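Engineer: Predicted structure and sequence below. I'll ask about it afterward.
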Amino acid sequence: MNGDYIVRAAAAEGAIRAFAITSKNLVEEARRRHNTSPVATAALGRLLTAGAMMGAMMKGEKDVLTLRIQGDGPIGGITVTANSHADVKGTVQNPEVLLHARADGKLDVAGAVGNGTLTVIRDIGLKEPYSGQINLVSGEIAEDLTYYYALSEQTPSSVALGVLMNRENTVRQAGGFILQLMPEAGEEIVGQLEKRLGEIRSITALLDGGEGPEEILSHILGEFELEILDRIPTRFFCNCSKERVKKALISVGKTELEEMIASGETAEVSCHFCNESYQFDIQELKAIRNMLEN
């Protein structure tokens, strides 16, 4: 399969469920749209990568997942939303943040995020969306999601996420995996899996070595009778449109619209998630204002 995609798999006769992704293109698209610095690209890219896999776990056609990290570090907040088709989009509060690399040469995502919270919201069409929140344990995002699954969903999981940058600050590799133990997983399976995970190099090193999601899962779960169930294309996709932005302008209220009209200039409104800009001339603004009067 060309482009970004997710592999859904099972192992150990269903005692382990697994997802793995290559997400280089969608992370590069986010970097290009938001003009993110390397450390902001890595932070947003990791959350986008997780969001795509977690979106693909949802069953309903219209289900929507939101991941929100709010920290006291210089990056501020990161928000990602995904649907069950693995379409994902995201934004970062301070896209141009610059930080020195860590002592091991890696991008300091934890330093950029700081202390704060991770919130997971699943809107599955019920009256109220399901929402869970934890305090960040490291700010590295993968560890935080591992902790979230254990604490909020009582599902023992292993989450790995990585973004590798080129020297010119484009995305070289991006991807990850989520492994989850089902209730029937015995201690022997747990011990074996922990041993395999302990031997794994970084996810981006595996991707850079030419391994795709299938090979990565085979690498970890090969001895557990791995079964590939599905391959799901994933992409950076925003469903904004001029019509949606128009509805947002209606919600700002008559007073603010009057001020825009009085300025005599075309109003430009940008979508937070994809940075696409939409322009409304004075006549269009007057038409929107008139809708409020009717």
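Structural biologist: Arrived safely, thanks for sending.

Engineer: Show the pLDDT at the residue most central in space within the chain.
Structural biologist: The residue lying closest to the centre of the chain (Cα atoms, centre = their mean) is residue 48, at 2.0 Å. Here, the pLDDT recorded for residue 48 equals 98.

Engineer: Contact partners for it?
Structural biologist: 23, 26, 27, 30, 80, 88, 89, 90, 236 (Cβ atoms under 8 Å, 6 or more residues apart in numbering). Any C-beta I mention is one placed from the backbone N, CA and C, and that applies to glycine too.

Engineer: I'd like to know the beta-bridge partner residues of residue 131.
Structural biologist: Using DSSP bridges, the bridge partners assigned to residue 131 are residue 121.

Engineer: Tell me how many other residues surround it.
Structural biologist: By the criterion of other Cβ atoms under 10 Å, residue 131 has 13 neighbours.

Engineer: Tell me who's in contact with it.
Structural biologist: Residue 131 touches 119, 120, 121, 122, counting by Cβ under 8 Å, 6+ apart.

Engineer: any idea of the pLDDT on it?
Structural biologist: According to the model, residue 131 scores 92 on pLDDT.

Engineer: Against residue 182, how distant is it?
Structural biologist: Residue 131 sits 24 Å away from residue 182, going by Cβ to Cβ, to the nearest Å.

Engineer: Then residue 3?
Structural biologist: Taking Cβ to Cβ, one finds residue 3 at 30 Å from residue 182.

Engineer: ok, the two, which is more surrounded?
Structural biologist: Between residue 3 and residue 182, counted using other Cβ under 10 Å, residue 182 has the larger neighbour count: 15 against 11.

Engineer: wait, isn't the more buried one in contact with residue 18?
Structural biologist: No. Counting by Cβ atoms under 8 Å, residue 182 does not reach residue 18; the two are 11.0 Å apart.

Engineer: Low-confidence stretches in the stretch 1-150 of the chain?
Structural biologist: 1-2 (pLDDT under 70).

Engineer: Please state the offset of stretch 18-31 from the chain centre?
Structural biologist: 9 Å (Cα atoms, centre = their mean, to the nearest Å).

Engineer: Could you do stretch 188-202 as well?
Structural biologist: Using Cα atoms, centre = their mean, the offset of stretch 188-202 from its chain centre is 25 Å.

Engineer: Could you do stretch 144-164 as well?
Structural biologist: On Cα atoms, centre = their mean, the centre of stretch 144-164 falls 13 Å from the chain's centre.

Engineer: Can you give me the buried ones in it?
Structural biologist: Using 16 or more other Cβ atoms under 10 Å as the test for burial, stretch 144-164 gives 144-149, 156-164.

Engineer: Identify the farthest-apart pair in those residues.
Structural biologist: 156 and 164 (27.7 Å; Cβ to Cβ).

Engineer: Throw the contacts of residue 48 into JSON lines and include distance to residue 60, thanks.
Structural biologist: Shown next, in JSON lines, are these (distance: Cβ to Cβ, whole Å):
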{"residue": "23", "distance to residue 60": "23"}
{"residue": "26", "distance to residue 60": "22"}
{"residue": "27", "distance to residue 60": "26"}
{"residue": "30", "distance to residue 60": "25"}
{"residue": "80", "distance to residue 60": "19"}
{"residue": "88", "distance to residue 60": "16"}
{"residue": "89", "distance to residue 60": "19"}
{"residue": "90", "distance to residue 60": "21"}
{"residue": "236", "distance to residue 60": "22"}
